[in-house]
Every structure is written in C-alpha cells, then in structure tokens.
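K.L.:
Next comes the sequence, and after it the predicted model I'd like to discuss.
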Amino acid sequence: MLVVRLETNGEGYEAIVSHDLQTPAPYIIAKNNSTGEIVALSIFILDSNNIKLIANEPYEVKKYVKRV
C-alpha cells in the first residue's frame, strides 16, 4: 500500500504512480487516507508499470494495486 498526494495540474489534481507489476491491466482501489472511504478517480494506464490518477479534489489516497 502506498499513500499518494494528488497535486494540481491547473485544471484538477493528478499523480503518476509506478507500481512495478509488469501488467497492462492492474486492479486499482484508491481510498481517502483520512476517512478510509473509496474515492472515485479517473485512472489511466500509461504502460505496464505506470498509472495516472486524476480527481477534482486534492486527495491524499491510499492506493492498492494488484496484478490481475
């Protein structure tokens, strides 16, 4: 588990995360680090090791990524 802070990109908030799972189809869950609630994010798979998380709020999230 990794805690990630989404930073402003001028239009919203985002973070690029490396997961090193070597898979183009990871299973991803993001939870608000303060409340533990699941957070709705836009998730883009950039390649087999990197994903981009995008949100409308500056969340600090716990990111769970597993290989499918």
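P.N.:
Noted; the coordinates are in hand. Since the structure is predicted, the reported quantities are computational estimates derived from the model, not experimental observations. Numbering: from 1, shown residues only.
K.L.:
where's Glu14 relative to Val4, distance?
P.N.:
10 Å (CB to CB, to the nearest Å). From N, CA and C alone the C-beta is placed, and that goes for glycine too.
K.L.:
any common contacting residues for those two?
P.N.:
Contact with both Glu14 and Val4 is made by residues Leu53, according to CB atoms under 8 Å, 6 or more residues apart in numbering.
K.L.:
For the residue positioned nearest the centre of the chain, name its beta-bridge partners.
P.N.:
With distances taken as CA atoms, centre = their mean, Leu53 lies nearest the centre of the chain, 4.2 Å away. Taking DSSP bridges as the rule, Leu53 bridges to Ala15, Ile43.
K.L.:
I'd assumed Asn9 was in contact with it.
P.N.:
No. Between Leu53 and Asn9 there is no contact under CB atoms under 8 Å: 11.1 Å.
K.L.:
all strands of the protein, in order?
P.N.:
2-5, 7-8, 13-18, 26-32, 42-45, 50-55, 60-67 (DSSP state E).
K.L.:
Can you give me the distance of the residue lying closest to Gly12 once chain neighbours are set aside to Tyr13?
P.N.:
Sequence neighbours aside, Asn56 is the residue nearest to Gly12 in space, at 5.4 Å (criterion: CB to CB, 6 or more residues apart in numbering). Applying CB to CB, the value for Asn56 to Tyr13 is 7 Å.
K.L.:
do Asn33 as well
P.N.:
14 Å.
K.L.:
Same check on Leu6?
P.N.:
In terms of CB to CB, Leu6 sits 4 Å off from Tyr13.
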